[in-house]
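A.B. asks: The following block contains a protein sequence and its predicted model.
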Amino acid sequence: MKRIVITVLVVVLALGGIALVLTNNKKKNEAKTAFIAKGGGAVAVRVAQVEKKVVDQDFSANGNFAPNKELNLLNENSGRVTRIFVDEGDRVSKGQVLARIDAEIINTDRETAQVTYQNALKDLARYESSFKTGGVTQQQLDQARLSAESAKLRLQASQRRVSDANIKSPINGVVNKRYIEVGAFVNSQGTQLFELVDVSKLKLKVNVNEAQVANLKIGDRIEIQSSVFPDEKFSGKVTFIAPKADATLNFPVEIEVENTHKNSLKAGMYGTAVFKFPKHAPSILIPRTSFVGSVSSNEVFVLDRASNTAKVRKVVSGRILGDNVEILDGLKEGETVITSGQINLTNGTAVTIVK
């Protein structure tokens, strides 16, 4: 008996809860209906004044400094390291010898190639002389010329390998890392020898959105700030603007920065690019929500205050500036646009303004 009473009470409470929820939903629906129908059958809308405003296009973006040039120097010949002339942190110039590889085998190859080339030249001379007297055919002469040319190419390749035994820096920069020691054996499959970086100039890499990238162009001068050196001022130049947005719909931008002040900036530090633009004349702006459907529709409802009705108006939109859109044609300052309730409107629909 007791269990039956408890079950009945639970059912009654559940029914009461359902009834309460249904009642609340009914009140909410009635409130929404009253909002739309407020004003004696007129559609309730919200509005905004059409104004001219000065658009502030200045913005800043944070990023990391990267070296102007960064190179992992690899070996091209096999051999044992006999000399190392630089250490980590040393400044080097383009063409400077950094290390030397034992070139005994390479020198032997060059001498062999030299002898082969000289013999090929002598053979060619004999064939040319014999060809004039009819002692050899044109085909034999052509073959001698081909052999001489092949021997010359082999000699040039061996001379290049001898030159590569002296490991030279291809750039001006600083030795960031050294991976070899004297006596170490390196092979021709690309042993890493040094990591060189050029920080005389740095690249500040930042991301900007579609509204910001529209105002940028290659060559723009940009003010650069560093939190590590707040009292120093740096200047940069836009050298790259991505033609395509990344996965986050932002556009990567690179700014080349002259690393003055004794190269105080380091690759990997944080920096801030401050983008400043000339001030323009005030533009007509309206809320983005004023458009019927989307901005691409180029259609808004304008409030006719004389008759309290909504009138469809074709406009020409310009830049999208956050929550506002620039209007190039179709609206005048002082007019009123409808910003909500457009789904219930047609041309000439009576409206009432909800504040």
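C.D. replies: Yep, that arrived.

A.B. asks: Can you check what pLDDT the model gives the residue nearest to the spatial centre of the chain?
C.D. replies: For the chain, Pro252 is the residue whose C-alpha lies nearest the centre (CA atoms, centre = their mean; 2.1 Å). pLDDT for Pro252: 94.

A.B. asks: Next, it: secondary structure please.
C.D. replies: Using DSSP: H, G, I helix; E, B strand; the rest coil, the structure places Pro252 in strand.

A.B. asks: didn't it look like it was pressed against Lys203?
C.D. replies: No. Taking contacts as CB atoms under 8 Å, Pro252 lies outside contact range of Lys203: 10.9 Å. In short, each C-beta sits where N, CA and C put it, glycine included.

A.B. asks: So what are the structural domains in the protein, by residue number?
C.D. replies: The record's domain parsing of the chain by automatic domain parsing lists 43-54+282-353, 59-67+198-275, 103-164.

A.B. asks: The stretch 1-150 of the chain: helices as residue ranges?
C.D. replies: Secondary structure of the stretch 1-150 of the chain (DSSP state H, counting those that start in this stretch): helices at 2-37, 104-133, 138-164.

A.B. asks: if I read this right, Thr116 contacts Ala151, doesn't it?
C.D. replies: Yes. At 4.9 Å, Thr116 counts as touching Ala151 under the criterion of CB under 8 Å.

A.B. asks: Mind checking which of these two has more residues around it?
C.D. replies: Ala151 (21 against 18; other CB atoms under 10 Å).

A.B. asks: any idea how far the more buried one is from Ala144?
C.D. replies: From Ala151 over to Ala144 the distance is 11 Å, taken as CB to CB, to the nearest Å.

A.B. asks: And for Asp56?
C.D. replies: Noted for Asp56: a distance of 79 Å to Ala144, by CB to CB.

A.B. asks: Settle it for me: which of the two has more neighbours?
C.D. replies: The neighbour comparison of Asp56 against Ala144 (other CB under 10 Å) goes to Ala144, with 21 against 10.

A.B. asks: number of nearby residues for Arg126?
C.D. replies: 13.

A.B. asks: Ala144 versus that one, what's the distance?
C.D. replies: Here Arg126 is placed at a distance of 8 Å from Ala144 (CB to CB).

A.B. asks: now swap in Glu128 and tell me
C.D. replies: Separation of Glu128 from Ala144 (CB to CB) stands at 8 Å.

A.B. asks: now do Phe240
C.D. replies: As judged by CB to CB, Phe240 and Ala144 stand 54 Å apart.

A.B. asks: Same question for Val354.
C.D. replies: 100 Å.

A.B. asks: Show me where the stretch 151-300 of the chain has its strands.
C.D. replies: Remark: strands assigned in the stretch 151-300 of the chain by DSSP state E, counting those that start in this stretch are 166-168, 173-178, 185-186, 192-208, 221-225, 234-241, 251-258, 270-275, 283-287, 299-304.

A.B. asks: gap between stretch 231-240 and the chain center?
C.D. replies: Offset of stretch 231-240 from its chain centre (CA atoms, centre = their mean, to the nearest Å): 17 Å.

A.B. asks: With stretch 266-277 instead?
C.D. replies: How far stretch 266-277 lies from its chain's middle: 14 Å, per CA atoms, centre = their mean.

A.B. asks: begin at 40 from here
C.D. replies: Sure, I'll start numbering at 40, so the last one becomes stretch 305-316.

A.B. asks: Can you check the distance spanned by it, start to finish?
C.D. replies: 28 Å (CA to CA, to the nearest Å).

A.B. asks: coming back round to it: Asn103 versus the residue nearest to the centre of the chain, what's the distance?
C.D. replies: Separation of Pro291 from Asn103 (CB to CB): 12 Å.

A.B. asks: cool, and Gln182?
C.D. replies: The value you get for Gln182 to Asn103, if CB to CB is used, is 61 Å.

A.B. asks: cool, Asp368 as well?
C.D. replies: Using CB to CB, we find Asp368 at a distance of 43 Å from Asn103.

A.B. asks: before we move on, what about Thr378?
C.D. replies: The value you get for Thr378 to Asn103, if CB to CB is used, is 41 Å.

A.B. asks: Compare those two (neighbour count), which wins?
C.D. replies: Neighbour comparison, Thr378 and Asn103: the larger count goes to Thr378, with 18 against 14 (by other CB under 10 Å).

A.B. asks: Thought Ser329 was touching that one, still the case?
C.D. replies: Yes. Applying CB under 8 Å, one finds Thr378 in contact with Ser329, separated by 5.1 Å.

A.B. asks: Share the number of residues neighbouring the spatially closest residue to Gly387 that is not a sequence neighbour, please.
C.D. replies: Excluding its sequence neighbours, the residue lying closest to Gly387 (CB to CB, 6 or more residues apart in numbering) is Thr348, at 5.3 Å. By the criterion of other CB under 10 Å, Thr348 has 18 neighbours.

A.B. asks: just checking, Thr348 touches Thr391?
C.D. replies: No. Using CB under 8 Å, Thr348 makes no contact with Thr391, being 10.6 Å away.

A.B. asks: list residues touching both of Pro291 and Asn103?
C.D. replies: Taking CB atoms under 8 Å, 6 or more residues apart in numbering as the criterion, Pro291 and Asn103 both touch Lys244.

A.B. asks: Go through the strands of the stretch 190-339 of the chain and name the closest to Phe124.
C.D. replies: Within the strands of the stretch 190-339 of the chain, the stretch nearest Phe124 is strand 205-207; the backing value is 9.1 Å (CB to CB).

A.B. asks: Show me what that closest one is in contact with.
C.D. replies: Contacts of strand 205-207 (CB under 8 Å, 6+ apart): 112, 114, 134-140, 232-233.
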